[in-house]
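> Sequence first, predicted model second:
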Amino acid sequence: MECIILAGGLGTRLRGTIGDYPKCMAPVNERPFLHYLFVYLQQQGCSRVVLSLGYKHEIITGWLEQNQWPFEISWVIEEEPLGTGGGIQLALRAAKDADVAVLNGDTLFRVDLAEQFAAHRAAEASATLALKRMTNFSRYGVVNEDEAHRICSFEEKQQRESGLINGGVYILNKNYLLGKNLPEKFSFEKDFLEAYVGERAFLAYTSEAYFIDIGIPEDYLQVQEDFKTLFA
């Protein structure tokens, strides 16, 4: 199992809380958030990780070189911000497998990756998105699926009573994305997912697993408590 972690973001909204650090290195109970992502990937049986790095990448690579994990680790570095899509595309070119998991470096969605991979392959999907059912929210857009669990549309952020959100864990077919000849810099959400959803090649995989995105200070504070139990 090969996994990409997107860890090139600026972390602007957290800067007042964590200082001048990449978001994935935000301290959680005296360990960087990335440590917990790696523990999760170890539990899932991951064999290789490719990190897509950018802002303050030397902080991340320094930490990687000082810690040992039971999987192969490599990284690519954006010389300039490439957007979410450009960061994924850069890392996919360094990937070895045909189907690769992609995770965000500031989010933990504890899906069963083996199960998500199995659903992806059984459906011969080009991309499989892990979705989470949420209630009373406005921070996320909504993903709609058909009876066969193929994704049929995406809706913009607005206040909602309930809906399925994109949890930011993907299984991607490398050749499908690279075959679209997308520019070096692009948005994965707008220029790939929304642009090609009409092909009905994207599968929905819904999970009720634990989910948190530390992109805002409130959730960053919440994760300090949650991880005491989840990673006891």
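Structure's in. What do you need?

> So which elements touch the longest helix along the chain?
Identified as the longest helix of the chain according to DSSP state H is helix 217-230. On a contact count with 3 or more C-beta pairs under 8 Å, 6 or more residues apart in numbering; DSSP states H and E, helix 217-230 meets helix 15-18, strand 27-28, strand 211-213. All C-beta atoms are positioned from the backbone trio N, CA, C, and that covers glycine.

> Show me which strand runs longest in this protein.
strand 160-173 (DSSP state E).

> What are the buried residues along it?
By neighbour count on 16 or more other C-beta atoms under 10 Å, the buried set for strand 160-173 is 160, 163-173.

> want to throw those residues into JSON lines with distance to residue 68 and pLDDT?
Formatted as JSON lines, the buried residues of strand 160-173 follow (distance: C-beta to C-beta, whole Å; pLDDT from 0 to 100):
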{"residue": "160", "distance to residue 68": "44", "pLDDT": "92"}
{"residue": "163", "distance to residue 68": "41", "pLDDT": "95"}
{"residue": "164", "distance to residue 68": "38", "pLDDT": "97"}
{"residue": "165", "distance to residue 68": "35", "pLDDT": "96"}
{"residue": "166", "distance to residue 68": "33", "pLDDT": "96"}
{"residue": "167", "distance to residue 68": "29", "pLDDT": "96"}
{"residue": "168", "distance to residue 68": "27", "pLDDT": "96"}
{"residue": "169", "distance to residue 68": "25", "pLDDT": "98"}
{"residue": "170", "distance to residue 68": "27", "pLDDT": "98"}
{"residue": "171", "distance to residue 68": "27", "pLDDT": "98"}
{"residue": "172", "distance to residue 68": "28", "pLDDT": "98"}
{"residue": "173", "distance to residue 68": "31", "pLDDT": "98"}
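
> List the buried residues for stretch 66-74?
residue 73.

> now stretch 47-57
Neighbour-count burial for stretch 47-57 [16+ other C-beta under 10 Å]: 48-57.

> re earlier: how about the CA coordinates for the longest helix of the chain, as PDB?
Presented in PDB, the C-alpha positions along helix 217-230 are these (Å, rounded to 0.1, in the frame of the first residue of the first chain):
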ATOM      1  CA  PRO A 217      -7.700  26.800  16.000                       C
ATOM      2  CA  GLU A 218     -10.900  25.400  17.600                       C
ATOM      3  CA  ASP A 219     -10.300  21.900  16.100                       C
ATOM      4  CA  TYR A 220      -6.500  22.200  16.800                       C
ATOM      5  CA  LEU A 221      -7.400  22.600  20.500                       C
ATOM      6  CA  GLN A 222      -9.900  19.700  20.300                       C
ATOM      7  CA  VAL A 223      -7.400  17.300  18.800                       C
ATOM      8  CA  GLN A 224      -5.200  17.700  21.900                       C
ATOM      9  CA  GLU A 225      -7.900  16.000  24.000                       C
ATOM     10  CA  ASP A 226      -9.100  13.500  21.300                       C
ATOM     11  CA  PHE A 227      -5.600  12.000  20.700                       C
ATOM     12  CA  LYS A 228      -5.000  11.300  24.400                       C
ATOM     13  CA  THR A 229      -7.600   8.500  23.900                       C
ATOM     14  CA  LEU A 230      -7.200   7.600  20.300                       C
END
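
> Now residue 213: closest residue in space that isn't a chain neighbour?
residue 107 (4.5 Å; C-beta to C-beta, 6 or more residues apart in numbering).

> what's around the one you found, how many residues?
Residue neighbour count, defined by other C-beta atoms under 10 Å, stands at 20 for residue 107.

> Check the gap between it and residue 201 for me.
Separation of residue 107 from residue 201 (C-beta to C-beta, to the nearest Å) stands at 24 Å.

> per-residue confidence for the residue minimising distance to the centre of the chain?
Closest residue to the average C-alpha location of the chain: residue 103 at 2.3 Å, with C-alpha atoms, centre = their mean. Here, the pLDDT recorded for residue 103 equals 98.
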